[in-house]
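Colleague: The following block contains a protein sequence and its predicted model.
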Amino acid sequence: MSKICLCLTGKTLSRDLELIKKYRKYIDMAELRVDCLDPDEHFFIRQFPEQAGIPVILTIRRIMDGGYFEGGEGARVTLLSRGLAFAEADKRHNFAYVDLEEDLEVPGLEEAVRTFGTRIIRSSHNLENVGDITGKIKNLRRIGDEIAKVVVMPQTLGDVLAIYRAARESPSIEKIILGMGEFGANTRILAEHLGSFLSYASAEEEPGIPLGAMGQMTPQEMVEQYRFREISATTNIYGVLGFPLKTSYSPQIFNSVFNREKIDAVYVPFPAHSLDYFLELAEELNIMGASVTVPYKEEIVPRLRHISESVRIAGACNTIKVVTSEDDFSEGNIYRDWNGTNTDTLGFSESLLHFIKKKNFRSLKFTILGAGGAARAVVSEIFRLKGKCLILNRNPVRARELALKYGYKWGGLDSHVLDTMERYSDIIIQTTSAGTFPHTDDDPFELYHFNGHETVMDIIYNPPMTAFLKRAQTAGCNILNGFDMLVRQAKYQYQYFFGRDFPEQLISHLAKTLQG
């Protein structure tokens, strides 16, 4: 089973020991990043493994490899030698591993560490792209007892696909393989699927404690949120597809449910610039289902074998799952296709109806900001529940296209629509991404001045109070963010994935966990 290694980046050894103590129940081993230590601490690194009480990797990472060591190679080798000197018979008092880059030539040191049982991790760091990962893994080790370590910086989900394929093509080689950054986060979670010896984690960032590498999570997050310890080769993979995904609460929701319901599954973020790359990766990893968010809710629809009535009406899909079929003409081969539904529809209407304490939208006039996939789901429900609607969008052509489908009014986000908007202001719903991280100050329609009688809903839930909602609240409006809608639509996603009802007792638990 893949291990969790805490990357220690404190300025002092005592601080690093504190971090081990803090995360001890979540980790299997630690990496002492000597390049992060104050120079005066270098004299005492030899005693660190005994003090740590767990297996420790000795690493002095150069700037060119993503580290902080500024000295020359001679000084670095001297430091490595100091940490590995005077090996004891009790191996627990020695460094269990030492990380040596592929271009470092220190045969005398390597021979000495092998004699006393310290294993060499032969590493390669590509901070620009991925390159030939399979070739690197197969040719990296100099002696068979070394562990090959290949760390790359994926720029697309296609690069992430290359990481998983390289892992599949080198099953017999003991290795550490992972992707950095936002795109590579799923490789840290799915280390077991990669056959990776370990996955690195970092302490929470704070002054003096930088991340060990881009994309590292805390050990607590890996174990408690992503259930790293329970992931095996047979664990079913679900996820969220979109870009960006940094603000998504879906992993917390589904992994919490999987944990409570003892379901052998994990829910992982898959940020993607290309739908094609995701679908290829889904085949590689045998992904069973996914939530679909911006910008793919409309683009995914033509790729689906079967769509629900909610997708047909809205023209957008936020949930897909795998269906398999056997081809009678191909000797029993199993083929995977995708079906899709839209749970935003009922998630939205149930949330808003509960908030305004009504059974339908009859006699209510709405203004919808946006004309994307989320807006399509919202508008379809307003139509179904007998409401009237004005649709406004930065690109008025998109607003017109959506409005004509239902006989609704439309316009652009400009001063020409203000008079009409006044007449359609019982409920105003913001469906665009304006106001999400990192652009939390964005307001999609500052020209409109709230007068206090409006009910205002922003489907964004993170942050819980957008600039748009804050302005509405200040004017005296009743406001609603997207959190309740999120949980309600997730209930229907769970039902779609697994064919059974969402455990109602978890709703209050999720609200408490996610909203603090």
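Modeller: Arrived safely, thanks for sending. These numbers were taken from a predicted model, which means no experiment stands behind them.
Colleague: phi, psi of Tyr97?
Modeller: When read as degrees, to the nearest 10, the backbone of Tyr97 gives phi -140, psi 150.
Colleague: Can you tell me who it pairs with across the strands?
Modeller: Ile57, Arg119 (DSSP bridges).
Colleague: Touching stretch 249-267 from outside, list them.
Modeller: Contact with stretch 249-267 is made by 189-190, 225-227, 230-232, 234-240, 268-269, 288, 291, 461-462, 486-487, 490, 494, 498, 502-503, 506, 509-510, 513-514, as judged by C-beta atoms under 8 Å, 6 or more residues apart in numbering. For glycine as for every other residue, the C-beta is placed from the backbone atoms N, C-alpha and C.
Colleague: ok, now stretch 9-21?
Modeller: 6, 8, 27, 30, 32-33, 36-38, 41, 44-45, 48, 51-54, 202-203, 208-212.
Colleague: Filter these down to the ones in strands?
Modeller: Among the contacts of stretch 9-21, the members found in strands (DSSP state E) are Leu6, Leu8, Ala30, Leu32, Arg33, Ser202.
Colleague: Of all pairs in the residues you listed, which one is the farthest apart?
Modeller: Leu32 and Ser202 (13.4 Å; C-beta to C-beta).
Colleague: Compare neighbour counts for these two and give me the winner.
Modeller: Leu32 (27 against 24; other C-beta atoms under 10 Å).
Colleague: dump the residue contacts of the more buried one.
Modeller: Leu8, Asp16, Ile45, Phe48, Ala52, Val56, Ile57, Leu58, Thr59, Gly83, Phe95.
Colleague: what do you get if the cut-off is 10 Å, keeping everything else the same?
Modeller: 6-10, 13, 16, 20, 45, 48-49, 52, 56-60, 83, 95, 99 (C-beta atoms under 10 Å, 6 or more residues apart in numbering).
Colleague: With Phe44 instead?
Modeller: So, once contact is read as C-beta under 10 Å, 6+ apart, Phe44 ends up touching Thr12, Leu13, Ser14, Leu37, Gln51, Arg82, Gly83.
Colleague: how about low-confidence regions in the stretch 201-350 of the chain?
Modeller: Residues of the stretch 201-350 of the chain that meet the criterion pLDDT under 70 lie in 326-334.
Colleague: For Ile253, give me phi and psi.
Modeller: Dihedral angles (degrees, to the nearest 10) for Ile253: phi -60, psi -60.
Colleague: Compute the number of surrounding residues for it.
Modeller: Residues lying near Ile253 (other C-beta under 10 Å) number 24.
Colleague: Just the buried ones from the contacts of Phe44?
Modeller: With neighbours counted by 16 or more other C-beta atoms under 10 Å, the contacts of Phe44 contain buried members at Leu13, Leu37, Arg82, Gly83.
Colleague: which of those sit farthest apart?
Modeller: Maximum pairwise distance among the buried ones among the contacts of Phe44 (C-beta to C-beta): 13.3 Å, between Leu13 and Arg82.
Colleague: Identify the contacts common to these two.
Modeller: With C-beta under 10 Å, 6+ apart, Leu13 and Arg82 have common neighbours Val34, His42, Phe44, Ile45.
Colleague: Give me the subset of the buried ones among the contacts of Phe44 lying in helices.
Modeller: In this view, the buried ones among the contacts of Phe44 that belong to helices under DSSP state H are Leu13, Arg82, Gly83.
Colleague: As CSV, those residues with distance to Glu182 would be great.
Modeller: Formatted as CSV, those follow (distance: C-beta to C-beta, whole Å):
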residue, distance to Glu182
Leu13, 32
Arg82, 37
Gly83, 33
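Colleague: closest to Arg119 among the residues you listed?
Modeller: Gly83 (14.5 Å).
Colleague: Is that closest one in contact with Pro49, as I believe?
Modeller: Yes: Gly83 is in contact with Pro49 according to C-beta atoms under 10 Å; the separation is 8.9 Å.
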